[in-house]
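Enquirer: Give me a 3D structure for the following:
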Amino acid sequence: MSDNPLIKIENLHKVYFLGATKVHALRGIDLSIDKNEYVAIMGPSGCGKSTLMNIIGCLDVPTVGKYWLNGKDVSQLGDNELAQIRNREIGFIFQTFNLLPRASALANVELPLIYNKTPAAKRHELAKQALEKVGLADRMHHKPNELSGGQRQRVAIARALVNNPSIILADEPTGNLDSKTGEEIMEILDNLHEQGNTIILVTHEKAIAEHAKKRIYLRDGKIVGEEELVKSEG
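Expert: Reported below is the predicted structural model:
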């Protein structure tokens, strides 16, 4: 583990109130992730995976504890600052693709660049390059309903990549795909990791988690195990 991890989390707790009921979603998480790591966060439903991902992705803040991203304490930031960090530092890939149905693949990929006010000509160029990277150069003017599930997820990956983020966060990225298409999507993520991207997968599927080089196991809001895959040379 490096002295300057990309992600550093200390004593992280998250408590929700559902009416009068207090729900402890996370209970004292300590975690470090270095740049260019490939990590899978695993565990059964209700273990805290999604809550942890939302905090790592700056979609939520902890009730107690600290979270540093790229050396910056983001655990106490307000909504506007969190939105800026999300746009600049994090690429999201969701199980349900989250594409705009009436927009072309190119326009969907351009969205993060619109939010950060990238000029139109540069937006088009960067979005085209991102779609080429995931093998969709010939589908960039198609709308989501004209694409297969696998192609839609490729568009979502291109959108996640387009801002050159510090982290790619993938939440059950193959959950809505058949196994063959899911493997194709995982191959793209594997290649992105080899190109230097930091990837964090949230999954309950062992076969998907096996693509990662480190696996972190959650249960009842706590880390209950961690294993690192050491690749032998040769």
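Enquirer: Tell me the secondary structure of the spatially closest residue to Lys122 that is not a sequence neighbour, please.
Expert: Excluding the flanking residues, the one nearest Lys122 by CB to CB, 6 or more residues apart in numbering is Leu113, at 7.6 Å. Placement of C-beta: from N, CA and C, glycine included. For Leu113, the assignment made with DSSP: H, G, I helix; E, B strand; the rest coil gives helix.
Enquirer: per-residue pLDDT, Leu113?
Expert: On pLDDT, Leu113 comes in at 93.
Enquirer: is it true that it touches Leu161?
Expert: No - using CB atoms under 8 Å, Leu113 is not in contact with Leu161; the gap is 11.4 Å.
Enquirer: Could you check how far the residue nearest to Lys122 is from Asn11?
Expert: According to CB to CB, to the nearest Å, Leu113 stands 36 Å off from Asn11.
Enquirer: So for these two, which sits in the more crowded spot?
Expert: Leu113 (22 against 12; other CB atoms under 10 Å).
Enquirer: Mind naming the longest helix for the protein?
Expert: helix 179-194 (DSSP state H).
Enquirer: for that one, packing partners?
Expert: Helix 179-194 is packed against helix 149-161, strand 167-171, strand 198-203, with contacts defined by 3 or more CB pairs under 8 Å, 6 or more residues apart in numbering; DSSP states H and E.
Enquirer: Restricting the selection to alpha carbons, write the shortest one to CSV.
Expert: Same thing as strand 167-171. The C-alpha trace of strand 167-171 is given here as CSV (Å, rounded to 0.1, in the frame of the first residue of the first chain):
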residue,chain,number,x,y,z
ILE,A,167,-11.8,6.2,-10.5
ILE,A,168,-14.2,4.1,-12.6
LEU,A,169,-17.0,2.8,-10.2
ALA,A,170,-19.0,-0.1,-11.7
ASP,A,171,-22.1,-1.2,-9.8
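Enquirer: chain center to it, what's the gap?
Expert: 1 Å (CA atoms, centre = their mean, to the nearest Å).
Enquirer: What are the neighbouring residues in contact with the closest residue to Ile114 other than its chain neighbours?
Expert: Nearest residue to Ile114, sequence neighbours excluded (CB to CB, 6+ apart): Arg123, at 6.9 Å. When contacts are counted by CB atoms under 8 Å, 6 or more residues apart in numbering, Arg123 touches 110, 113-114.
Enquirer: Can you point out the buried residues in the helix or strand where Arg123 lies?
Expert: Using DSSP states H and E, Arg123 maps to helix 120-133. Buried residues in helix 120-133, counted by 16 or more other CB atoms under 10 Å: 123-124, 126-128, 130-131, 133.
Enquirer: All set, thanks.
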